[in-house]
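Q: Predicted model and sequence below, questions to follow.
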Amino acid sequence: MSTHPSAMPVRAMLVLGTRPEAIKLAPLARAMASGTQFEPIVVTTGQHREMLHQMLGLLGVDVRIALDVMRSRQQLSDLTARLVRELGEVMRGQRPDLVVVQGDTTTALAGALAAFYEKIPVAHIEAGLRTGVIDNPFPEELNRSLIGRMARWHFAPTAAAARHLTDEGVPAEQVFTTGNTVIDNLLWVLAEGTGTSAFRTGDKRILVTLHRRENQGERMRGMGRALRRLAGRGDVEIVLPLHMSPAVRDVLLPELGGHEGISLVEPLDYLDFAATLAECDLVLTDSGGIQEEAPSLSKPALVLRTTTERPEAVEVGAARLIGTDPDTIVSCAERLLDDPAEYRRMAGAGNPFGDGQAATRVLTQLAEDFAAEVPVGTATTGPYSAA
Ligand code: UD1
Ligand code: UDP
């Protein structure tokens, strides 16, 4: 990378395609747009359609280029091929100084690969998450490892994530511990304070989300049965915003639709989701982002998966990784509903994922490196520490 003329803004292409990428890149897009050091070029791939578009405006993200790659029941290989081809064209046209990708989606993988082919340096936000099981979550564990091979800047949310990267041989001077930008965004949205909770009754409130590919099919049906048993207690209200994926809806709508005590709702926009999370008592989820948000609002989270790349919440006691067995789901949820001491222990465990300053740390580092003679310098911003 050549030295950047410091009078010119750094042209940063932010590539995003799914709901969580919009949420987690929004703090960077907002910070870039409000200063003079960067020119943000936001490219939406449209890997998600409704769930992406409902986010961008209210998160204050101005889109420069919108691709439209989504197909119903899209296959990973077709999606990946379309993304690499179309993003390659966009990058050749725009020639940004760097490309920023987030997380582990197909959009992030294709964004990094297209940039690599165009010889444009890549910054990876939320780098270094690993379960150590290459096909769980599928295909995200592979995606983030591959992005890690291509990125020049690795912005890790926690010290453990940073360690994974250095253990894999990434030079330490290219790894920066920043906290997770999801916390920046959550704090920003709660300060806006305009969302509406989806809970309606005064009963014990359980917020549920399910969408992971590993859970689709029979496993998800079993989780649905567990939710029916919990609702059958008569003292709980379950709100489940349905992912748009037909593979999720095909299972959950017949299993749970019209069932007393369970509200299946359309995906909530982020303001309403944050308000709903703030009002719930307990979270049951297979989502990555919600595992990070729940401890920030002191909500115990039961993670309905067999692996997690976010062990920090489990380690501090804010979350439990309970798997997908229906009996276990019911007993773990009931323990939290009925045992105030256990509830207080989890709710008070704290948030290990960030302090709301992650985007500032990322931009400070990038600005220093683009102003310097050498492309990647030593970190001069204080790293994020959960201690
Ligand atoms: C993807 C990400 C996953 C992330 C999740 C966030 C990959 C490999 N996986 O999941 O890491 O946790 O998004 O939600 O990138 N659909 C719509 N409208 C929408 C969104 C999706 O109709 O707004 C449909 C699509 O047509 C698709 C299906 O839902 O057939 C699933 O979408 P997809 O992006 O393929 O989801 P996942 O790969 O399961
Ligand atoms: N979310 C939302 N509305 C909803 C459900 C989730 O805004 O109805 C947000 C949630 O706050 C979190 C993100 O979407 O920040 C998580 O997205 P998802 O679970 O789809 O993906 P993952 O985090 O598992 O990759």
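A: Now that the structure is in, tell me what you want to look at. Ligands and ions are numbered 1, 2, ... in the order given.
Q: alpha carbons only for contacts and neighbour counts from here, please
A: Will do.
Q: Outside of the helix ranked longest in the chain itself, list whatever touches it.
A: Using DSSP state H to define each element, the chain has its longest helix at helix 76-94. Applying Cα atoms under 8 Å, 6 or more residues apart in numbering, the set of residues contacting helix 76-94 from outside is 45, 47, 67, 69-70, 106-107, 110-111, 113-115, 117-118.
Q: from the chain's centre, how far out does it sit?
A: Relative to the mean C-alpha coordinate of its chain, helix 76-94 is positioned 22 Å out (Cα atoms, centre = their mean, to the nearest Å).
Q: what residues does the next helix or strand after that helix touch?
A: Per DSSP states H and E, the first helix or strand lying C-terminal to helix 76-94 is strand 98-102. The contact list for strand 98-102 (Cα under 8 Å, 6+ apart) reads 11-16, 21, 24-25, 108, 111-112, 115, 120-127.
Q: Write the ChimeraX selection for whichever of those are buried.
A: Those of these that count as buried under 16 or more other Cα atoms under 10 Å are selected in ChimeraX with:
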select :11,12,13,14,15,16,21,24,25,108,111,112,115,120,121,122,123,124,125,126,127
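Q: circling back to that earlier point, and the longest helix of the chain with strand 98-102, angle?
A: Put simply, helix 76-94 runs at 150 degrees to strand 98-102, going by axes from the mean of the first three to the mean of the last three Cα atoms, to 10 degrees.
Q: mind listing what's buried in helix 76-94?
A: Neighbour counts using 16+ other Cα under 10 Å place 79, 80, 82, 83, 84, 86, 87, 88, 90, 91 of helix 76-94 among the buried residues.
Q: And the pLDDT at the last one?
A: At residue 91 the predicted local confidence, pLDDT, stands at 98.
Q: do you know how far it is from residue 115?
A: For residue 91, the distance to residue 115 equals 7 Å [Cα to Cα, to the nearest Å].
Q: Can you give me the neighbour number for residue 325?
A: 16 (other Cα atoms under 10 Å).
Q: that older thread, the buried residues of helix 76-94 also near ligand 1: which ones?
A: When Cα under 6 Å from any ligand atom is applied, no member of the buried residues of helix 76-94 is adjacent to ligand 1.
Q: So which of those residues is the closest to ligand 1?
A: residue 79 (8.0 Å; Cα to the nearest ligand atom).
Q: The contacts of strand 98-102 in helices, which ones?
A: Going by DSSP H, the helices hold 21, 24, 25, 108, 111, 112, 115 from these.
Q: for the third one, what are its contacts?
A: So the one you mean is residue 25. Contacts of residue 25 by Cα under 8 Å, 6+ apart are 14, 16, 102, 181.
Q: What's the local residue count around the third one?
A: Residue 102 sits with 28 neighbouring residues when counted by other Cα under 10 Å.
Q: That one bridge partners, please.
A: Residues in a beta bridge with residue 102, per DSSP bridges, are residue 125.
Q: rewinding a little: pLDDT-wise, what's the bottom of the contacts of helix 76-94?
A: residue 70 (89).
Q: Checking the residue nearest to that residue when sequence neighbours are not counted next. Helix, strand or coil?
A: Distances taken as Cα to Cα, 6 or more residues apart in numbering place residue 47 nearest to residue 70, at 4.8 Å, with adjacent residues excluded. Per DSSP: H, G, I helix; E, B strand; the rest coil, the secondary structure class of residue 47 is coil.
Q: Report the separation between residue 47 and residue 67.
A: Residue 47 is 9 Å from residue 67, where distance means Cα to Cα.
Q: What residues are bridge-paired with residue 205?
A: Beta-bridge partners of residue 205, as defined by DSSP bridges: residue 237.
Q: Enumerate every residue touching it.
A: Going by Cα under 8 Å, 6+ apart, residue 205 touches 199, 236, 237, 238, 239, 279, 280, 281, 282.
Q: top of these by neighbour count?
A: residue 238 (27 neighbours).
Q: residues contacting it?
A: Applying Cα under 8 Å, 6+ apart, the residues near residue 238 are 205, 206, 207, 208, 227, 231, 261, 262, 263.
Q: would you turn the residues you listed into JSON lines with secondary structure and pLDDT?
A: What follows is the contacts of residue 238, written out as JSON lines (DSSP: H, G, I helix; E, B strand; the rest coil; pLDDT from 0 to 100):
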{"residue": "205", "secondary structure": "strand", "pLDDT": "98"}
{"residue": "206", "secondary structure": "strand", "pLDDT": "98"}
{"residue": "207", "secondary structure": "strand", "pLDDT": "98"}
{"residue": "208", "secondary structure": "strand", "pLDDT": "98"}
{"residue": "227", "secondary structure": "helix", "pLDDT": "98"}
{"residue": "231", "secondary structure": "helix", "pLDDT": "97"}
{"residue": "261", "secondary structure": "coil", "pLDDT": "97"}
{"residue": "262", "secondary structure": "strand", "pLDDT": "98"}
{"residue": "263", "secondary structure": "strand", "pLDDT": "98"}
